[in-house]
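K.L.:
Kindly generate the corresponding structure for this input.
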Amino acid sequence: EADEPAAAAAAAAAGTDIAALKPSEVVKVLDSYIVGQNDAKRAVAIALRNRWRRNKLPEDFKNEVIPKNILMIGPTGCGKTEIARRISLLSEAPFVKVEATKFTEVGFHGRDVDHIIRDLVEMAIKLVKKLQGERLRPQAATLAEERLLAAMIGTNAAESKQQWLESLRNGELDDREIDVDVPAGGGS
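P.N.:
Below is the predicted model of the structure:
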């Protein structure tokens, strides 16, 4: 049981589906970053799990299960932002911190709201690009290796290709210089 926080953190870092984590495991992940605030961490973990469960329901039932929002209130420095930021990282959701005190006198109107939404959309775009980049990295590495091998040995040297590939991966060819034409659009 002493390894549970480490296991939960490792699962989260490895990109394990957040739905697979129990609320207690989410709390343990948060415990490794946030001291105290046990009730807040528990409430956020349960709300997150409930939202994931709701998303798995058939469309007919989704309208029947209304997700609950959480309003975190507390003094400066108590961990509200860090809890929200860690949950957003864990659930791969965009996160933008907005200082709400400037809105209390005039309300949320006009350009300020547009700015908040633009920031959130920009963060969502960055997050999607990052996740897509991580997902496509192995495929891109394989294509890059094939391109390098084709430039070094040609496309007809199938019998020695595996040897060259091993040499390339072991760094034995790092001192070689080759020219590779890269299309302007970044395509293959």
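
K.L.:
Just say helix, strand or coil for the residue nearest the centre of the chain.
P.N.:
By Cα atoms, centre = their mean, the chain has its centre lying nearest to residue 92, at 4.0 Å. With DSSP: H, G, I helix; E, B strand; the rest coil as the basis, residue 92 sits in coil.

K.L.:
what do you get for residue 48?
P.N.:
Using three-state DSSP, the structure places residue 48 in helix.

K.L.:
how near is it to residue 90?
P.N.:
From residue 48 over to residue 90 the distance is 8 Å, taken as Cβ to Cβ, to the nearest Å. For glycine as for every other residue, the C-beta is placed from the backbone atoms N, C-alpha and C.

K.L.:
ok, now residue 37?
P.N.:
Applying Cβ to Cβ to residue 37 and residue 90 gives a distance of 16 Å.

K.L.:
for the lengthiest helix in the chain, what is the average pLDDT?
P.N.:
As assigned by DSSP state H, the longest helix anywhere in the chain is helix 111-153. The pLDDT scores in helix 111-153 average 84.

K.L.:
Pull out the buried positions in the following helix or strand past that helix.
P.N.:
Once the chain leaves helix 111-153, the next helix or strand it forms, by DSSP states H and E, is helix 158-169. By neighbour count on 16 or more other Cβ atoms under 10 Å, the buried set for helix 158-169 is 161, 164, 165, 167, 168.

K.L.:
Format these as CSV; extra columns: pLDDT.
P.N.:
Formatted as CSV, these follow (pLDDT from 0 to 100):
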residue, pLDDT
161, 78
164, 82
165, 82
167, 83
168, 83
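
K.L.:
for the residues you listed, which one is nearest residue 140?
P.N.:
Closest to residue 140 out of those is residue 168 (15.0 Å), distances taken as Cβ to Cβ.
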